[in-house]
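Student: Got a sequence here, can you model it:
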Amino acid sequence: METDIPSLRWRQDGVDHVLKLLPGGRIGFLSDELLAQIEAAGGRPDEKVAAIRAGDIPRVRALQKAHGPEGREIATAPLEQWEDRLPAPGSPVPATLCRPSAPAAGPRPCIVYFHGGGWQYGSRAIVQPFCRFLAQEADALVVNPEYRLAPEHPWPAGPEDAWAVLTHVYAHADELGIDKGRITVAGDSAGGNLAALCAHRDRDLGTGMVRHQVLYYPALAVRDIEGLEGFRFSLEDYCYDDSQKHLIEPRVLAIYNAGRRSEVNYVPAGVSTRDKAVSPLWDSDFSRLPETLLIAAQYDYLTQQCRAYAARLAAAGVPVTLMNYCGMAHAFVDQCGVYPQADDSLRAFATFVKKR
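Tutor: This is a model prediction of the structure:
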């Protein structure tokens, strides 16, 4: 899984750790690119971040639609891209599909990617620039669906849409030109939750559709983390230089607080957030799950959930790699073409998917 950014690697308690360093081997600082964005904004959160913190979901959606993707087009090879509506129990799920235009030597691997956004916002348009890059780098078909969002469509609408997309892709593997034995479920943040739920459900039902899962800073436990064995969250566990404390701690806490607000709207009253169909980290069995790549940001509340999930997978004998990017905060992969770490992580993702 060789990429451009220098790293430290070790194996501990069955988990393969990869720590991606900043230039010069720095660890306790924000990246130069992220810091430059903060300074350019005068230290104030941008409109979207402010709306997220305020819980103003209509405003967040409007801003995302108006501004479009934060990342840049970084795919350079010709790609074939098209829109489809995939069958699902509620209503058809819109999806963008793409793959290299060049003829394939055989059936391609497939990535089913679920965007993030706290189960309430975000869209496939936000992640499509890097989905295109993944199609190029992994020589894969990438399926990028627009699952239903809360509060209009609370749980289980999102997970049911995700499962419907996965089962449709698997059933139509020959038609899509993919190898049904090489399907990866993936996603970031809330989308990582959906991908993991698909992997756990696939294991439970014995359907054998998922070969790998790749989860970017996934929200694996929804709201209720009290009493979760092996889980710890404290700002004391984050390594940073005191000169950037005023920049780093608010970014960690913003995801903690925003997540708790969004989850209230996502999970209906009477549904336990400890149900494994809501929070895969609360599952009692982690055996026989697919080989997993977890990609985390150093300054993200959800990094602690990644660590807990990796530990559970490893204890159950599942191959798992935890790749942690120094100097990064939540949602950094959205900045493909802007942050070197985003591009680096996507190349690592593609290399992982190409494994047999």
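Student: looking at this structure, which helix or strand is least sure?
Tutor: Every helix and strand of the chain was ranked by mean pLDDT, DSSP states H and E. The lowest is helix 47-54, at a mean of 76.
Student: Run a quick neighbour tally on Gly90.
Tutor: Neighbour count of Gly90, defined by other C-beta atoms under 10 Å: 13. Using the backbone N, CA and C atoms, a C-beta is placed for each residue, glycine as well.
Student: from what I can see it touches Pro159, true?
Tutor: No: using C-beta atoms under 8 Å as the test, Gly90 is too far from Pro159 to be in contact (11.4 Å).
Student: quick one on the thing from earlier: what comes into contact with the least confident helix or strand of the chain?
Tutor: Residues outside helix 47-54 that contact it (C-beta atoms under 8 Å, 6 or more residues apart in numbering) are Pro45, Arg59, Val60, Leu63, Gln64, His67, Gly118, Tyr121, Ala254, Asn257, Ala258.
Student: Now for the fifth one: which residues touch it?
Tutor: It refers to Gln64. By C-beta under 8 Å, 6+ apart, the neighbours of Gln64 are Lys48, Tyr121, Gly122, Ser123, Ile126.
Student: Arg26 versus that one, what's the distance?
Tutor: 32 Å (C-beta to C-beta, to the nearest Å).
Student: and Pro145, what does it touch?
Tutor: Taking C-beta under 8 Å, 6+ apart as the test, what Pro145 contacts is Leu86, Val93, Pro94, Ala95, Val112, Phe114, Arg124, Asp161, Ala162, Val165.
Student: Would you mind writing the PyMOL command to select the buried ones in those residues?
Tutor: Those of the contacts of Pro145 that count as buried under 16 or more other C-beta atoms under 10 Å are selected in PyMOL with:
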select buried, resi 86+93+95+112+114+124+161+162+165
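Student: closest to Leu235 among the contacts of Pro145?
Tutor: Nearest to Leu235, judged by C-beta to C-beta, of the contacts of Pro145 is Phe114 at 29.1 Å.
Student: Please tell me I have it right and that closest one contacts Tyr147.
Tutor: Yes: the pair Phe114 and Tyr147 passes the contact test of C-beta under 8 Å, sitting 6.6 Å apart.
Student: what touches both of the two?
Tutor: Here Phe114 and Tyr147 share the contacting residues Ala162, Leu194, scored by C-beta under 8 Å, 6+ apart.
Student: Around the residue nearest to Gly25 when sequence neighbours are not counted, how many other residues sit close by?
Tutor: Of all residues not flanking Gly25 in the chain, Pro6 sits nearest, at 7.3 Å (C-beta to C-beta, 6 or more residues apart in numbering). Neighbourhood size, Pro6 [other C-beta under 10 Å]: 12.
Student: What distance do you get for Pro6 to Pro103?
Tutor: Taken as C-beta to C-beta, the span from Pro6 to Pro103 is 37 Å.
Student: One more: Ala171?
Tutor: Distance from Ala171 to Pro103, by C-beta to C-beta: 24 Å.
Student: Next: Val93.
Tutor: 28 Å.
Student: for the stretch 201-350 of the chain, what spans make up the helices?
Tutor: 245-266, 303-315, 340-353 (DSSP state H, counting those that start in this stretch).
Student: if we compare these, which one ends up closest to Trp282?
Tutor: Per C-beta to C-beta, nearest to Trp282 of the helices of the stretch 201-350 of the chain: helix 303-315, 10.3 Å.
Student: What residues sit buried inside the closest one?
Tutor: Thr303, Gln304, Gln305, Cys306, Arg307, Ala308, Tyr309, Ala310, Ala311, Arg312, Leu313, Ala314.
Student: So which of those residues is the closest to Phe233?
Tutor: Gln304 (4.9 Å).
Student: so how many other residues sit close to Ala50?
Tutor: What Ala50 shows, counting by other C-beta under 10 Å, is a neighbour count of 14.
Student: so how far is Arg307 from it?
Tutor: Taking C-beta to C-beta, one finds Ala50 at 29 Å from Arg307.
Student: ditto for Tyr217
Tutor: Applying C-beta to C-beta to Tyr217 and Arg307 gives a distance of 11 Å.
Student: Likewise for Ile126?
Tutor: 26 Å.
Student: same deal with Pro78?
Tutor: In terms of C-beta to C-beta, Pro78 sits 40 Å off from Arg307.
Student: Ser343 against Glu73, yeah?
Tutor: Rather than Ser, residue 343 is Asp. No: distance between Asp343 and Glu73: 12.0 Å, which falls outside the contact criterion (C-beta under 8 Å).
Student: tell me which element the nearest residue to Pro268 once chain neighbours are set aside is part of?
Tutor: For Pro268, ignoring the flanking residues on the chain, the nearest one in space by C-beta to C-beta, 6+ apart is Pro154 at 5.1 Å. Under DSSP states H and E, no helix or strand contains Pro154.
Student: Now do the same contact list for the residue nearest the centre of the chain.
Tutor: Centroid-nearest residue in the chain, with C-alpha atoms, centre = their mean: Asp188, separated by 1.6 Å. With contact taken as C-beta under 8 Å, 6+ apart, Asp188 is in contact with Phe114, His115, Gly116, Val127, Leu215, Tyr216, Tyr217, Pro218, Ala331, Val333, Asp334.
Student: Nearest to Gln12 among the residues you listed?
Tutor: If you rank those by distance to Gln12 using C-beta to C-beta, Leu215 comes first, at 19.2 Å.
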